[in-house]
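Undergrad: fold the following, please.
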Amino acid sequence: MRKLLYALAATMLLSTSWAAWAQDAGPELRSDHPERYTVVKGDTLWDISSRFLNNPWYWPEIWHVNPQVSNPHLIYPGDRLALVYIEGKPRVTKVGASNGVIKLSPQVRSEMIDTPIPAIPLDAISSFLTDTRIISPDELEGAPYVLEGEDGRIVTGAGDKVYARGEMPANKVGVFRRSNRYVDPVTNEFLGLEARSIANGDITARDGDVLTMQLKRSNEEVRIADRLLVSEDRAINTTFNPSAPDEDIDGLMISVDGGVTQIGQYDVVVVNKGSREGLEVGNVLAVFKSGNLVRDPVTDETIELPSERAGLLMVFQTYEKLSYGLVLKATRPLSVGDRVKNP
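TA: Numbering: from 1, shown residues only. The predicted model follows:
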């Protein structure tokens with residue numbers, strides 16, 4: 001009898017494990033998914049996939065690989081999409097005006113549209129992809145610094161000349177300012193120093209360790225003691241392949257851009273996990289809202305209630321010890337300190 005009970009328990013455990021795995025084994029269609037959808041200006045791939053799937057990070061698996069949509073990142077406003085079943089599996093493909101699947105034939109796009117829709121809203125993250133950096137304090141402190149502007153000006157901008165002191169880093173340089181210093185709230189490990197881009201330009205002359213710089217572009221006024229770093233020509237990558245992380249992630253949101261107290265959709269956050277923990281660009285993480293602290297009426301102890309799933313974010317930039325993510329869904333206001341885990 002005992003062996004039978006053990007066998008039944010093992011079978012139930014195996015069934016439960018299989019069910020848990022199967023729940024995240026592939027795309028899960030929404031009960032209210034459309035059969036047809038026309039892409040409109042302002043759409044993102046995440047928006048469209050969220051209309052079809054409960055787990056939109058699986059969108060690469062539902063795009064039907066055909067000559068028209070072989071790359072799901074090449075979808076334009078005005079394109080008509082349809083949900084079809086191929087070998088019993090749901091697929092999204094592009095359809096023609098007659099509501100039939102487009103057949104391969106030479107054609108010319110006549111719409112006045114030059115670019116495909118992005119994966120996620122790029123205007124929310126572009127400055128982090130091109131301008132913001134995570135560096136070490138030594139790297140920033142060792143960089144040349146602004147002395148003053150031409151004619152003794154203490155603030156300057158695009159078109160102005162500034163003087164700096166230090167070892168010449170390169171002909172093309174950027175002006176950066178110390179921003180946030182990130183420390184892991186759990187381990188107290190230093191994770192990195194954020195340097196914010198202020199301007200860029202060219203080194204036009206050098207006299208000993210005094211450098212003359214011509215500013216070409218500025219986001220805000222350049223100030224005395226701002227630092228000069230080598231310019232990095234970073235092209236904005238609009239191709240994000242969403243996926244669940246390969247490794248188990250259990251981290252925290254430790255900062256939000258703008259210093260707001262409540263975090264919502266399309267806010268940029270910093271996560272205390274990076275490439276060393278296996279995080280990659282495109283990884284999707286579930287956000288769990290921290291439970292409230294309540295007083296036990298019997299023991300008078302302070303008890304933290306369980307965390308509740310309250311959102312999703314996608315990692316768009318990784319460094320060794322931390323990552324930047326964009327909140328794509330928030331069912332309730334989120335906060336710094338909320339946990340992030342595998343979706």
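Undergrad: the bottom helix or strand of this structure by mean pLDDT?
TA: For the chain, scoring each helix and strand by mean pLDDT, DSSP states H and E identifies helix 2-23 as the least confident one, at a mean of 34.
Undergrad: can you list the domain ranges for the chain.
TA: For the chain, automatic domain parsing gives the domain ranges 23-117, 131-230, 250-341.
Undergrad: centre of the chain to the longest one, how far?
TA: What separates the centre of domain 131-230 from the centre of its chain is 25 Å, taken as Cα atoms, centre = their mean, to the nearest Å.
Undergrad: just the mean pLDDT for it, thanks.
TA: Mean pLDDT, domain 131-230: 92.
Undergrad: first-to-last residue distance for that domain?
TA: For domain 131-230, the first-to-last residue distance is 12 Å (Cα to Cα, to the nearest Å).
Undergrad: ditto for the last one
TA: For domain 250-341, the first and last residues are 5 Å from each other (Cα to Cα).
Undergrad: same question for that domain, mean pLDDT?
TA: The model assigns domain 250-341 a mean pLDDT of 92.
Undergrad: next one: that domain to chain centre, how far?
TA: 13 Å.
Undergrad: and if you look at stretch 50-61?
TA: On Cα atoms, centre = their mean, the centre of stretch 50-61 falls 17 Å from the chain's centre.
Undergrad: apart from its neighbours in sequence, what residue is nearest residue 284?
TA: residue 57 (4.0 Å; Cβ to Cβ, 6 or more residues apart in numbering). Backbone N, C-alpha and C define where each C-beta goes, glycine included.
Undergrad: repeat for residue 29
TA: Nearest non-adjacent residue to residue 29, counting by Cβ to Cβ, 6+ apart: residue 90, 5.8 Å away.
Undergrad: where does the one you found land in three-state SS?
TA: The assignment at residue 90 comes out as strand when based on DSSP: H, G, I helix; E, B strand; the rest coil.
Undergrad: which residues are in contact with it?
TA: Going by Cβ atoms under 8 Å, 6 or more residues apart in numbering, residue 90 touches 27, 29, 52, 62, 83, 84.
Undergrad: ditto for residue 331
TA: 310, 311.
Undergrad: next: residue 150.
TA: Contacts were defined as Cβ under 8 Å, 6+ apart; by that measure residue 150 touches 156, 160, 161, 162, 163.
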